[in-house]
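Enquirer: output the structure for:
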Amino acid sequence: MANWCSNTVVFEGKPETITAIQELFQSMKEKEEKTEEGQLPEFISKNNGGYFFNIYWNEGDEGQFQYETKWSPNIEVIQKIAEHYEVNFTQDYEEMGNLIYGRATFYDKLLTDIYLEDEDFEQYGFDEETDTYHFEGEIYESDYEILETLLERKIKNQQP
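Expert: Numbering: from 1, shown residues only. Model prediction:
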């Protein structure tokens with residue numbers, strides 16, 4: 001059984017292009033609901049994996065989609081969609097069973113993927129007795145805010 005990687009992608013481009021991407025995702029969502037199988041756009045080879053599962057979006061969120069993939073993010077597939085439609089994207093992903101947490105961006109045809117590594121995860125701890133996380137002298141109910149802080153720092157440190 002696969003671990004599910006949660007993905008959120010936001011495409012940026014001309015309004016008519018974003019509408020076309022919205023239609024693509026709507027089509028994949030409908031096909032998945034009928035077939036109960038993961039989906040890929042028709043212009044992408046089925047050999048590489050990266051299938052979309054459980055696609056959804058919030059009403060009014062044009063060009064922003066949430067979905068799941070098996071084990072890891074499908075950054076290469078998202079990049080091919082972006083290249084096909086000539087748009088940019090930001091993809092946030094996480095699969096905490098295997099300590100996968102990161103953000104991929106594609107701007108001006110340049111892909112950047114920044115993610116947390118083992119030493120990043122070692123910067124905070126979990127207290128089983130109190131069911132809380134400890135990070136830099138603070139106590140947190142969830143590790144979400146800690147992970148966001150660590151990722152934002154890493155992104156900031158890698159900018160020129």
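
Enquirer: and the residue located most distally from the centre of the chain, how far from Phe135?
Expert: Distance from the C-alpha centroid of the chain peaks at Glu129, with 31.9 Å (CA atoms, centre = their mean). Distance, Glu129 to Phe135, using CB to CB, to the nearest Å: 17 Å. In short, each C-beta sits where N, CA and C put it, glycine included.

Enquirer: which residues outside the longest helix along the chain are in contact with it?
Expert: Using DSSP state H to define each element, the chain has its longest helix at helix 15-35. Helix 15-35 is contacted from outside by 11-13, 38-41, 52-57, 62-63, 65, 81, 85-87, using CB atoms under 8 Å, 6 or more residues apart in numbering.

Enquirer: just those residues: which are in helices?
Expert: Checked against DSSP H, the contacts of helix 15-35 include these in helices: Ile81, Tyr85.

Enquirer: what about the contacts of helix 15-35, which are in strands?
Expert: Phe11, Glu12, Phe53, Asn54, Ile55, Tyr56, Phe65 (DSSP state E).

Enquirer: buried ones from those, can you make that a PyMOL selection?
Expert: Only the buried entries of the ones in strands among the contacts of helix 15-35 go into this PyMOL selection, using 16 or more other CB atoms under 10 Å:
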select buried, resi 11+53+55+65
